[in-house]
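Colleague: Give me a 3D structure for the following:
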Amino acid sequence: MVSQRGARQKWGDETGHRFAVSIRYPRKAGETFNFRHWAEVHMPLGIATFERVNGFTPMSVMVQHETYGMDGEAASADSYITVWLMFDTRAHMEGFLRVHKNSVKSAQLDRDFGNYTPLPPSIMLGEITVFEDMNAVLSRGRPLIEPA
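Modeller: As a prediction, the model looks like this:
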């Protein structure tokens, strides 16, 4: 994890746990999603609101966009984009709840939805696990493959 200053940061709490808020914007037939508005207005507004309420920001924001389904077609994907707000502690992740439970502080965000998406997002909070050692994964997986 690289900070704005370029220094390597520890990611995760003292137990190595990592946390994320995932936000999925569902696709609606015949409608579009304005990714530029989301990236240039809504997301920065959301991060600034988060900081105002909590006094800190997520460690990073990751977004999967230009999505398509298994047939290679955008229309078969069930969402336009999926966003992950990454946090090093559960307490920091729960700052997301503080923002959205405060109707005064989140009102501007709520008013902006119609400017870029046809449907409200689906949101989940939770712990994430990253499997980075592919050799370890392969050592478990290869014996499980049935013979041809």
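
Colleague: only C-alpha atoms for contact and neighbour calcs from this point on.
Modeller: Fine.

Colleague: Go ahead and report the secondary structure state at the residue most central in space within the chain.
Modeller: Nearest residue to the geometric centre of the chain (Cα atoms, centre = their mean): Trp84, 1.2 Å. Taking DSSP: H, G, I helix; E, B strand; the rest coil as the rule, one finds Trp84 in the strand state.

Colleague: what's the distance between it and Met62?
Modeller: Between Trp84 and Met62 the distance is 5 Å, computed by Cα to Cα, to the nearest Å.

Colleague: again, but for Val83
Modeller: According to Cα to Cα, Val83 and Met62 sit 6 Å apart.

Colleague: And the two? Which one has more around it.
Modeller: Between Val83 and Met62, Val83 has the larger neighbour count (other Cα atoms under 10 Å), namely 18 against 11.

Colleague: in the sheet, who's paired with the more buried one?
Modeller: Val83 has these beta-bridge partners by DSSP bridges: Ile23, Val63.

Colleague: quick one: contacts for it?
Modeller: Residues near Val83 by Cα atoms under 8 Å, 6 or more residues apart in numbering: 21-24, 61-64.

Colleague: Quick check, pLDDT for it.
Modeller: Listed pLDDT for Val83 reads 98.

Colleague: now swap in Met1 and tell me
Modeller: pLDDT at Met1 comes out at 40.

Colleague: just the one 5 residues further on next, same as before
Modeller: Gly6 is assigned 42 on the pLDDT scale.

Colleague: you'd agree the residue nearest to the centre of the chain is up against Arg18?
Modeller: No: under the criterion of Cα atoms under 8 Å, Trp84 makes no contact with Arg18, lying 11.9 Å away.
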